[in-house]
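Q: When you get a sec, could you give me coordinates for this:
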Amino acid sequence: MNLVPMRFKGVEWHHNPREITFSCAQSVSERKSPFGKAYIQNTGRKNMVIEGEGELFGADCDEQFRRLLRLFQSGGSGVLAIPKLGIMHAVFEKLSVKGYPKPDVLRYRFVFREVMEREQDDSPRSCLCAQGETLWDLSYRFGVNIDRLVALNPDVKRPDEDLSGREVRLC
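A: From the prediction side, this is the model:
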C-alpha cells in the first residue's frame, strides 16, 4: 500500500506532520437549583480540534510554506484527510512558523477545526488512478469501505488489481 500524505482541499503535504493532536470535548453546563442541588446538562459534542507540527525540508521549504499559507488564506471549509485517522470536513484555523528557520528546514504549526454541519459535500465522486494504485489504496486514501468500492466498480475483478490510468467510482 502506498503511504498517503495529509491533504486539505486537495493540497498535499510533502512530508506528513511529525505530531498531531486531536482534542474532543462535550458541551456541559451545570444548573443550580434553589434547594442546593446541581443538575448537569450535556448539550452535545463540540467540534474537534486537530493541532500539529512538522518540518518542511529541502531547498524549496519556504515555497512549501507559502503554498500552505495560500491554502490557509483561501479560507472556507474543505475535506481534511489524515493518514490512518480518517477524513472530516474542517476549516484551516491557524498556521505559524515555529522557531527560527534554518537552511532547508522550516518548522511549522497548524490548527484545523472540524465542521460538523457540512456546508456542501465537496468529496470527489470518482478519481483517476495513479500508477500502481489499487482499490485498497483508494479505500485507504479516501476513507471509503473496500466492499463499497468493489460494489461501485463491478468491472474491477480483484481489489488488488493495478488500476493505473483508470477512472474509479468512489460513491
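Q: May I see the buried residues of the lengthiest strand in the chain?
A: Secondary structure assigned by DSSP state E gives strand 86-97 as the longest strand of the chain. By neighbour count on 16 or more other Cβ atoms under 10 Å, the buried set for strand 86-97 is 88-92, 95. From N, CA and C alone the C-beta is placed, and that goes for glycine too.
Q: ok, now which ones touch the residue lying farthest from the centre of the chain?
A: No residue in the chain sits farther from the centre than Phe35, which is 48.1 Å out by Cα atoms, centre = their mean. With contacts taken as Cβ atoms under 8 Å, 6 or more residues apart in numbering, Phe35 has no neighbouring residues.
Q: which residues in this protein form helices?
A: For the chain, helices defined by DSSP state H occupy the ranges 61-73, 135-142, 146-152.
Q: Could you list the buried residues of the last one?
A: By neighbour count, with 16+ other Cβ under 10 Å as the criterion, the buried positions of helix 146-152 are Leu149.
Q: coming back round to it: tell me the strands beside the longest strand of the chain, with direction?
A: Next to strand 86-97 in the sheet, as set by DSSP bridges, lie strand 77-82 (antiparallel), strand 105-114 (antiparallel).
Q: My guess is Leu106 contacts Gly54. True?
A: No - in this structure, Leu106 is not within contact of Gly54 by Cβ atoms under 8 Å, at 9.6 Å.
Q: Okay, now the unreliable bits of the chain?
A: In the predicted model of the chain, residues 1-4, 117-124 satisfy pLDDT under 70.
Q: How is this structure divided into domains?
A: Per automatic domain parsing, the structural domains of the chain span 1-118, 124-171.
Q: For Phe112, give me its contacts.
A: 8, 49-51, 80, 90-93.
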